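>>> Give me a model of this one.
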Amino acid sequence: MNSMNHHKIWTRDFVAICLSSFFIFLNFYMLATTLPQYVSERLSASGQQMGLVITVYVLAAVIMRPLAGQWVDRYGKIA
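Here you go, the predicted structure:
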């Protein structure tokens, strides 16, 4: 009666992709919260400079994500 094919979602590849995505975003947010403190303490930056550093970091991350996806799509298929 039910003609739908049943596929498992919790495959090894799915779990690996989920874990890698989790650790990438964890790394991003950990850096986003500690980078201003590092710039302030180690480089003696002002509040404006800390804001500029975190803004550049976030913008670079947002701009690089689609480009990295295209590069992986294009050059990852060579092997």
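>>> which stretches of the chain form helices?
Along the chain, the segments classed as helices by DSSP state H run 12-43, 47-75.
>>> I'd like these as TSV, with mean pLDDT and mean neighbour count appended.
C-betas here are computed from N, CA, C, even on glycine. What follows is these, written out as TSV (pLDDT from 0 to 100; neighbours: other Cβ atoms under 10 Å):
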stretch	mean pLDDT	mean neighbour count
helix 12-43	91	11
helix 47-75	89	11
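>>> Please tabulate those helices in a markdown table, including the columns distance to Asn5.
Supplementary listing: the helices of the chain in a markdown table, determined by distance: least, Cβ to Cβ, whole Å:
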| stretch | distance to Asn5 |
| --- | --- |
| helix 12-43 | 17 |
| helix 47-75 | 27 |
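>>> Quick check: the residue lying closest to Phe28 once chain neighbours are set aside vs Lys8, distance?
In space, and not counting its chain neighbours, Phe28 is closest to Ala61: 6.2 Å by Cβ to Cβ, 6 or more residues apart in numbering. To Lys8, Ala61 is 33 Å away according to Cβ to Cβ, to the nearest Å.
>>> Ile24 and Arg12, how far apart?
From Ile24 across to Arg12, the span is 19 Å (Cβ to Cβ).
>>> same deal with Phe23?
From Phe23 across to Arg12, the span is 17 Å (Cβ to Cβ).
>>> Same check on Gln49?
According to Cβ to Cβ, Gln49 and Arg12 sit 45 Å apart.
>>> Likewise for Pro36?
Separation of Pro36 from Arg12 (Cβ to Cβ): 38 Å.
>>> What are the contacting residues of stretch 53-62?
The contact list for stretch 53-62 (Cβ atoms under 8 Å, 6 or more residues apart in numbering) reads 28, 31-32, 35-36, 39, 45.
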